[in-house]
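Undergrad: Give me coordinates for this.
(2 chains)
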2 protein chains.
Amino acid sequence: MGLLTGGRGVRVTRRSFLKRLGGAGSGLVLLGAGGRTWPGEPTPSDTFQAAQETSFPPGKDPNSLIQHSALTFETRREAFGTSGIVPYERLFVRNNLPTPDPVFVADRDAWTLDVEGVARPGVLTIAELKALDVVTVATVLQCSGNGRAFFPHETSGSQWGVGAAGCVIWSGVPVRAVAEALGGVSDGVRFVTATGGEPLPDGIARDDVVVERSIPLEKGLEDAFLAWEMNGGPLPLVHGGPLRLVAPGYFGINQVKYVSRLAFTSTESSAGVMRTGYRVRPIGESGDPSQPSMWEMSVKSWINHPSGDRPRQAGQLVVDGVALGGMRGVRRVELSVDGGRSWQNAPLIGPDLGSYAWRHFAVPVTLERGTHTLASRAVDDAGNVQPADRMENHRGYANTSWRDHAVTVSVV
Amino acid sequence: MGLLTGGRGVRVTRRSFLKRLGGAGSGLVLLGAGGRTWPGEPTPSDTFQAAQETSFPPGKDPNSLIQHSALTFETRREAFGTSGIVPYERLFVRNNLPTPDPVFVADRDAWTLDVEGVARPGVLTIAELKALDVVTVATVLQCSGNGRAFFPHETSGSQWGVGAAGCVIWSGVPVRAVAEALGGVSDGVRFVTATGGEPLPDGIARDDVVVERSIPLEKGLEDAFLAWEMNGGPLPLVHGGPLRLVAPGYFGINQVKYVSRLAFTSTESSAGVMRTGYRVRPIGESGDPSQPSMWEMSVKSWINHPSGDRPRQAGQLVVDGVALGGMRGVRRVELSVDGGRSWQNAPLIGPDLGSYAWRHFAVPVTLERGTHTLASRAVDDAGNVQPADRMENHRGYANTSWRDHAVTVSVV
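TA: Model prediction:
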């Protein structure tokens, strides 16, 4: 993975996008096969590499984020608010490839999407997608490895605590509307496969590095969409702008960024992140297409305040946190202030942004001097209860254990 | 108003806040009566005046905002998204006094609120307020003068089009919880009066400049709250941080920023913005306490896209906009593409953030070549229909006319 995480020496090679930008009359000047710039601007290799060397993406709040690597940033537990959404400044970042050059969002409406596996395959610009329809949906965005730090065995990948997750509001066009506009899905299709348009490093097989994921056709046509807006503004580059697939209720890897191709396919993608990566497998075993893929999220909650990072004064305080149902809404949340021996109801607060969003819970409690272990436990709309224990697996995926997510608070 | 809008020569004089900050052990160094700074930082007068000279508040997006004066910024019609909320970068700004020095948000939890008109009057810090309770509510924030530009008579004040409005999600503590924590409201109380803690210019009577508003006690105890969070982050300085009163469904002037005093009072405030300002009065008449005060908002909607700013291609496009009920939710919205001769249903999209929030509507329409007048008309939960005509009044307040807010689109 060393070649992919450093970001240096990666050249922009996505010629088709460059051709489109030039053809869209956007005033870009093409500088040979691999380069393009605005008149008077630095050359692309300068700007691209400079961007990769910046520690925090533009506008991200260093005080709210924990940096795990050049490309991974986790939201601190205490940096979550209670507003339902996580603003850009505080939202976690996890990219499998270096963030593309800002030229990707220089002319958003001119970005093109190749659509295959429909009656009339073709190319649609974002401007054309916007003319079809629009939906607005709030969803939890969560990395498959969120909570990996709590696994006792040695796991590779970012050691996320609770903050590789956020809830945001997206706007975009339903995948269904795109398929219908092009005459409907071809016979034999079973999956919707989205391909990220990031430039790929040289010298490595495409399938080993490309971000390409398949989701079941039923899910794609039910409520997946292609988003161009996040939290009321244009979808930021670092979060997949100008165009990202959103499969509500699914783990983050399925929310493919910089989508340049949407294919209705009869088989799952052969890309590494689909075929062997992001599979739930026993510790020590290799990834295999027969293992469960990281699709649907399930019920989970955790406490954000108090975070346990500092001693608190004895007396009343408000305990708050978040609860998500994954593919369902949240029915209720319980709070324990004694490590799980007893539980009380923790009322949900704020607007209900829909079943794919998370809910905040908040409850005033009085804590005496001493050490207290606070835990939360959510129940989804189908009655599924957040478990006490994690599901052990090689990569440390899908940790929903309430015990792992508990906080220990020192009260003085 | 010249003395108030320029911002130069205004000295920080709120000594009590400075004393509190010093007393809170925050490391601030007090430099005589009127100045304070961090060791090694520029002197306050430097930093404060520099801030006032900056055209756009930090982080605001110049491309999304129309600047009307040094302190007023309107969201462009086409800069509204469809996500339900307006992010900080795009949210309008309208302050009656210069934005305070950033020292106001240097130690948010240490900010103090004087509470009067309760059984046990006293001072509470934000940290203490946070220990009481928390609510999360989405509300429309709208200046009384939004839509003033459409009045035909000459009006003083910012010539707002549609964009002196936004919808945001707040978190804070209910006014009711504050009153209860201090033993309840005193006898004879009829209003909740909030006072802004901004520094006041020298040489002008306090009542003439202070931002102090009263709302009915019933409203205050029903659902008003003191907010410290907006859209998932700490309440930004320019929007009233660290503490702002939010009276859901009321016009912006009542959402007092930098609240330093919350008084349960038997009479309305004598401040100019309450006694004679923000009153609905016949054209040419002076303001008077007997006239209606700018409290409750009523049903209104407008189209954001297409904005009419440029010609559009013939064919299908998606028309979208926002609708608010003011004190109630939105039941439905209708769209006309022929200047109001005929109407069709415009479906609401996205999550319902509650009755004080706005809703987006969106409807794909096909437009032939020519000039088209597009209008929207909302109906609130009580069946009140947005009117065709504005209510004429001296200051150009409360414009809800669907005719005034229509857009003319050239289709080529």
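Undergrad: Show the end-to-end separation of stretch A:297-311, please.
TA: In stretch A:297-311, first residue to last residue: 33 Å (CA to CA, to the nearest Å).
Undergrad: again, but for stretch A:112-125
TA: With CA to CA as the measure, stretch A:112-125 spans 4 Å from end to end.
Undergrad: So is it next to chain B?
TA: No - shown here: stretch A:112-125 not in contact with chain B (CB under 8 Å from any CB of the partner chain), separated by at least 12.2 Å. Bear in mind the C-beta positions are built from the backbone N, C-alpha and C, glycine included.
Undergrad: Same question for that stretch: list its buried residues.
TA: Neighbour-count burial for stretch A:112-125 flags A:112-115, A:117-118, A:124-125 (criterion: 16 or more other CB atoms under 10 Å in any protein chain shown).
Undergrad: taking those residues one by one, which sit in strands?
TA: The strands, defined by DSSP state E, take in A:112-115, A:124-125 from the buried residues of stretch A:112-125.
Undergrad: where does chain A have low pLDDT?
TA: Along chain A, the parts satisfying pLDDT under 70 run over A:1-54.
Undergrad: quick one: A:Y397 from A:P282, how far?
TA: Distance from A:Y397 to A:P282, counting by CB to CB, to the nearest Å: 12 Å.
Undergrad: So for those two, which sits in the more crowded spot?
TA: A:Y397 (25 against 9; other CB atoms under 10 Å in any protein chain shown).
Undergrad: contacting residues around the more buried one?
TA: Residues in contact with A:Y397, defined by CB atoms under 8 Å, 6 or more residues apart in numbering or on different chains, are A:144-145, A:148, A:278, A:280, A:294.
Undergrad: For it, pull up the helix or strand it's in.
TA: Under DSSP states H and E, no helix or strand contains A:Y397.
Undergrad: Please report the distance of it from A:L91.
TA: Plainly put, A:Y397 is 21 Å away from A:L91 if you go by CB to CB.
Undergrad: Now A:R332. Nearest residue, chain neighbours left out?
TA: Excluding the flanking residues, the one nearest A:R332 by CB to CB, 6 or more residues apart in numbering or on different chains is A:V379, at 5.2 Å.
Undergrad: surely that neighbour meets A:P387?
TA: No - with contact defined as CB atoms under 8 Å, A:V379 does not reach A:P387; the gap is 11.4 Å.
Undergrad: Tell me which of those two has more neighbours.
TA: Neighbour comparison, A:V379 and A:P387: the larger count goes to A:V379, with 19 against 15 (by other CB under 10 Å).
Undergrad: mind checking the SS state of that one?
TA: Classification of A:V379 using DSSP: H, G, I helix; E, B strand; the rest coil returns strand.
Undergrad: so what's the residue nearest to the spatial centre of chain A up against?
TA: The centre of chain A sits closest to A:G252, judged by CA atoms, centre = their mean, with a distance of 3.4 Å. By CB under 8 Å, 6+ apart, the contact set of A:G252 is A:94, A:141-144, A:164.
Undergrad: A:D223 now?
TA: The contact partners of A:D223, taken as CB under 8 Å, 6+ apart, are A:137, A:174, A:248.
Undergrad: got TSV for those, with secondary structure too?
TA: Output for the contacts of A:D223, formatted as TSV (three-state DSSP):
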residue	secondary structure
A:V137	strand
A:P174	strand
A:P248	coil
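Undergrad: which one among those gets closest to B:H360?
TA: Nearest to B:H360 out of these is A:V137 (CB to CB; 12.0 Å).
Undergrad: if I look at that closest one, how far off is chain B?
TA: Going from A:V137 to chain B by CB to the nearest CB, to the nearest Å gives 7 Å.
Undergrad: just checking, that residue touches A:A247?
TA: No - with contact defined as CB under 8 Å, A:V137 does not count as touching A:A247 (10.7 Å).
Undergrad: that older thread, just the buried ones among the contacts of A:Y397, please.
TA: The buried subset of those - by 16+ other CB under 10 Å - is A:144-145, A:148, A:278, A:280, A:294.
Undergrad: can you redo the residues you listed as a markdown table with distance to chain B and secondary structure?
TA: Shown next, in a markdown table, are the buried ones among the contacts of A:Y397 (distance: CB to the nearest CB, whole Å; DSSP: H, G, I helix; E, B strand; the rest coil):
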| residue | distance to chain B | secondary structure |
| --- | --- | --- |
| A:S144 | 23 | coil |
| A:G145 | 23 | coil |
| A:R148 | 24 | helix |
| A:Y278 | 28 | coil |
| A:V280 | 31 | coil |
| A:M294 | 26 | coil |
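Undergrad: I'd like the residues you listed as a markdown table, with distance to A:F361 appended.
TA: Output for these, formatted as a markdown table (distance: CB to CB, whole Å):
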| residue | distance to A:F361 |
| --- | --- |
| A:S144 | 24 |
| A:G145 | 24 |
| A:R148 | 24 |
| A:Y278 | 30 |
| A:V280 | 28 |
| A:M294 | 26 |
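Undergrad: before we move on, the earlier item: so what's the residue nearest to the centre of chain A closest to, chain neighbours aside?
TA: Of all residues not flanking A:G252 in the chain, A:C143 sits nearest, at 4.8 Å (CB to CB, 6+ apart).
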